[in-house]
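*Asks:* A structural model of the following input is requested.
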Amino acid sequence: MLTNTSRPSNHLLAALPADEYRRLQPHLAVREIKNRQSLQKRDEPMGEILFPGRSLCSLLLTMAGGATAEVAVVGAEGFIGVEALLGATVAACDASVQIAGDGVAVAMTLDAFRRELDHRGPFYAALTRYAQAYTGFVTQSVACNGLHTVDARCCRWLLHAQDRLGTNEFPLTQELLSTMLGVRRPTVTLIMADLVRLGVIVASRGLVRITNRSGLEAKACECYGTVKTIFAQCLQGEAPASAAIDSSQQEPVPS
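*Replies:* Numbering: from 1, shown residues only. Predicted structure coming up:
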């Protein structure tokens, strides 16, 4: 269990009233998470609900032919197991850690989670608001994947990653990015090379640094701003990016 001094980095838990959080503590346990770790499997029982810290986790669906598509990303702003709010006991999709960040998550057993929901208190209210934002994220992503170009979607994905990791620099391979975007790796190679040429990012083997966030936002599709607004509205003014980004590392885009 968490101690009285170990306030979690997950924003949903950290924003709870102090007395509510103290009441929950006996039911919370810290879990270490690692890159590429599987957190849940589709159609398998959910033993725990996970509240990630500063990290980037993907919710995924795998088709019969083996192709994988990302449904949404989750970090410290949310939790994994939204379907449990509706009474589900099995996972609706796969979930895995893409970038571990601070390497921790807070876990609650499904039984304890469901008991706490029955109280209909601050915990229930916070998770319900997040579920509304999550639904808006998934809905917007469906339209985005069907209507917007791959390069705009790539910029949107990088922004979502930066928001959740709270840093300008993070590990990222082109193989992973191509899987998340559902495109071939050569396509991602061309897109990243163009972003490097424009001075928006610096990319080395297995590492990306965003050097001009405003330039990246300008090249992303409208869906990034829409999703950010949805989260801000549903989470009472708290946008998914709660960690400050060091703007001193940003550089202008060459004309």
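
*Asks:* okay, and the closest residue to Leu85 other than its chain neighbours sits in which element?
*Replies:* Closest residue to Leu85 apart from its sequence neighbours, by CB to CB, 6 or more residues apart in numbering: Ala131 at 5.4 Å. Every C-beta, even on glycine, is put in place using the N, C-alpha and C of the backbone. Per DSSP states H and E: Ala131 is located in helix 122-147.

*Asks:* could you list the buried residues of that helix?
*Replies:* Under the neighbour-count criterion of 16 or more other CB atoms under 10 Å, helix 122-147 has 122-123, 126-127, 129-131, 133-134, 136-137, 140-141, 144 buried.

*Asks:* which other helices and strands does the next helix or strand after that helix contact?
*Replies:* Tracing the chain C-terminally past helix 122-147 and defining elements by DSSP H and E, one meets helix 150-165 next. With contacts taken as 3 or more CB pairs under 8 Å, 6 or more residues apart in numbering; DSSP states H and E, helix 150-165 sits against strand 56-62, strand 68-74, helix 122-147, helix 174-181, helix 185-197, strand 207-210, helix 213-219, helix 222-234.

*Asks:* next structured bit after helix 150-165?
*Replies:* By DSSP H and E, the next helix or strand past helix 150-165 is strand 169-171.

*Asks:* sheet partners, orientation included, of that next one?
*Replies:* Partner strands and pairing direction for strand 169-171 (DSSP bridges) are strand 207-210 (antiparallel).

*Asks:* ok, residues contacting stretch 110-126?
*Replies:* Stretch 110-126 is contacted by residues 12, 15-17, 20, 24, 27, 46-49, 81, 84-85, 89, 108, 127 when judged by CB atoms under 8 Å, 6 or more residues apart in numbering.

*Asks:* re earlier: got the helices and strands packed on helix 150-165 as a markdown table, with distance to Ile99 and mean pLDDT columns?
*Replies:* Shown next, in a markdown table, are the helices and strands packed on helix 150-165 (distance: least, CB to CB, whole Å; pLDDT from 0 to 100):
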| stretch | distance to Ile99 | mean pLDDT |
| --- | --- | --- |
| strand 56-62 | 4 | 94 |
| strand 68-74 | 10 | 92 |
| helix 122-147 | 18 | 95 |
| helix 174-181 | 9 | 93 |
| helix 185-197 | 16 | 97 |
| strand 207-210 | 10 | 97 |
| helix 213-219 | 17 | 97 |
| helix 222-234 | 18 | 95 |
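
*Asks:* now the most centrally placed residue in the chain: how far from Phe51?
*Replies:* Compute the mean C-alpha point of the chain, and by CA atoms, centre = their mean the closest residue is Val74, 2.3 Å away. Here Val74 is placed at a distance of 10 Å from Phe51 (CB to CB, to the nearest Å).

*Asks:* I'd say Ser9 and Asp102 touch.
*Replies:* Yes - counting by CB atoms under 8 Å, Asp102 is a contact partner of Ser9 at 6.1 Å.

*Asks:* what's near enough to touch Ala95?
*Replies:* The contact partners of Ala95, by CB under 8 Å, 6+ apart, come to 38-40, 50, 57-60, 74, 80.

*Asks:* could you flag which of those are buried?
*Replies:* Among the contacts of Ala95, those buried by neighbour count (16+ other CB under 10 Å) are 39-40, 50, 57-60, 74, 80.

*Asks:* okay, among those, which ones form the most distant pair?
*Replies:* The most widely separated members of these, counting by CB to CB, are Leu50 and Leu60 (15.0 Å).

*Asks:* Ala193 - how many residues pack around it?
*Replies:* 11 (other CB atoms under 10 Å).
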